[in-house]
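*Asks:* whatever this is, show me its structure:
(4 chains)
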There are 2 protein chains.
Amino acid sequence: MKIGKLAARSGVSVRALRYYEERGVLVPDRTPSGYRVFTPADVRRVAHIQTLLAAGLRMQLIREILTCLSGESLLLDECRERLAAERRRISGDIDRLIRTRSLLDDLLAGGHSGT
Amino acid sequence: MKIGKLAARSGVSVRALRYYEERGVLVPDRTPSGYRVFTPADVRRVAHIQTLLAAGLRMQLIREILTCLSGESLLLDECRERLAAERRRISGDIDRLIRTRSLLDDLLAGGHSGT
DNA sequence: CTAAAGTCTCACGTCAATGTCAGAGTCAAG
DNA sequence: CTTGACTCTGACATTGACGTGAGACTTTAG
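*Replies:* Numbering: from 1, shown residues only, chains lettered A, B, ... in the order given. As a prediction, the model looks like this:
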């Protein structure tokens, strides 16, 4: 499919998809006239990208992670470690958010306490 | 205390503190010569700002929230609702992060599944 | 009192992920 | 074969929270 269709199906803008390619996260084929051609699997790939972006990962890192996977599930140890590191980072973010939520709870309760 | 000391004690840059004032989140006094003068309480205030920033809140919103509190805990209903709304947003973020972490777990496990 | 350190106010630079616009080629339909 | 819709490649604009440097004033230490 061409870029417009992928944009519609994945819910992201055409510009964003081009940007993903520019950063090497998407690697579409090309028609002889230069049009990008994506596969149905790219819809899921874009969904993954969105999920990881929403979690605060940089494109560079997302690229590395998804590149690891493109190698047909033969995750090298280096890749596993990278994924694990991000998992830890996200767990940290979750903890911090939970503490932040507690702070808001304190504020709602009228307290002026810690962190 | 002056801005350098507050920066040292709160662990943020002098520039950031000036920025916070510019956005109305900090409102320091001034010496006759124009130097900003902060109170010890501002250390905690800055800590709160950092926490909320890390949670993805905009300065504008942080300002409103902290302004609500400056009114000496007489939280107007409007303010409570604002805080509650942010609490909900943060809970949503937490849920999304947890799902993202699950995605990473799937990837680590070798699966190619959904969102 | 002098030099160093700290602070002041502009004001432009930065980074990341897009938005937006320009000018031009391409493709499906009538 | 001509619209009109879609796509292409630049390239500059945007947003938010600062970084960084210039030029000038103030305060502190010796």
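
*Asks:* near DNA strand D at all, the lowest-mean-pLDDT helix or strand in chain A?
*Replies:* Across the helices and strands of chain A, mean confidence by mean pLDDT, DSSP states H and E is lowest for helix A:59-70: a mean of 85. No: Helix A:59-70 does not reach DNA strand D (CB under 7 Å from any atom of the strand); its nearest approach is 14.5 Å. Glycine gets a C-beta too; all of them are placed from N, C-alpha and C.

*Asks:* what sits closest to A:R80 if chain neighbours are left out?
*Replies:* With sequence-adjacent residues excluded and distances taken as CB to CB, 6 or more residues apart in numbering or on different chains, A:R80 is closest to B:L108, at 6.5 Å.

*Asks:* can you name every helix or strand that the host helix or strand of A:C79 contacts?
*Replies:* Secondary structure from DSSP states H and E places A:C79 in helix A:77-109. Using 3 or more CB pairs under 8 Å, 6 or more residues apart in numbering or on different chains; DSSP states H and E, the elements in contact with helix A:77-109 are helix A:59-70, helix B:41-54, helix B:77-109.

*Asks:* and that helix with helix B:77-109, angle?
*Replies:* 160 degrees (axes from the mean of the first three to the mean of the last three CA atoms, to 10 degrees).

*Asks:* and the angle from helix A:77-109 to helix B:59-70?
*Replies:* 40 degrees.

*Asks:* buried set for helix A:77-109?
*Replies:* Residues of helix A:77-109 classed as buried by neighbour count (16 or more other CB atoms under 10 Å in any protein chain shown): A:79, A:82-83, A:86-87, A:89-90, A:93-94, A:97, A:100-101, A:103-104, A:107.

*Asks:* in chain A, which residue sits nearest DNA strand D?
*Replies:* Closest approach between chain A and DNA strand D, counting by CB to the nearest atom of the strand: A:G4, at 2.4 Å.

*Asks:* which residues of chain A lie near DNA strand D?
*Replies:* A:2-5, A:7, A:14-15, A:18, A:34-36.

*Asks:* where does pLDDT dip in chain A?
*Replies:* Applying pLDDT under 70 to chain A flags the ranges A:70-75, A:110-115.

*Asks:* report the separation between the residue lying closest to A:A54 once chain neighbours are set aside and A:R80.
*Replies:* Residue nearest to A:A54 in three dimensions, not counting chain neighbours: B:R96, with 5.9 Å by CB to CB, 6+ apart. To A:R80, B:R96 is 23 Å away according to CB to CB, to the nearest Å.

*Asks:* A:Q60 contacts A:Y20, doesn't it?
*Replies:* No: using CB atoms under 8 Å, A:Q60 is not in contact with A:Y20, being 11.9 Å away.

*Asks:* so between the two, which is more surrounded?
*Replies:* A:Y20 (22 against 11; other CB atoms under 10 Å in any protein chain shown).
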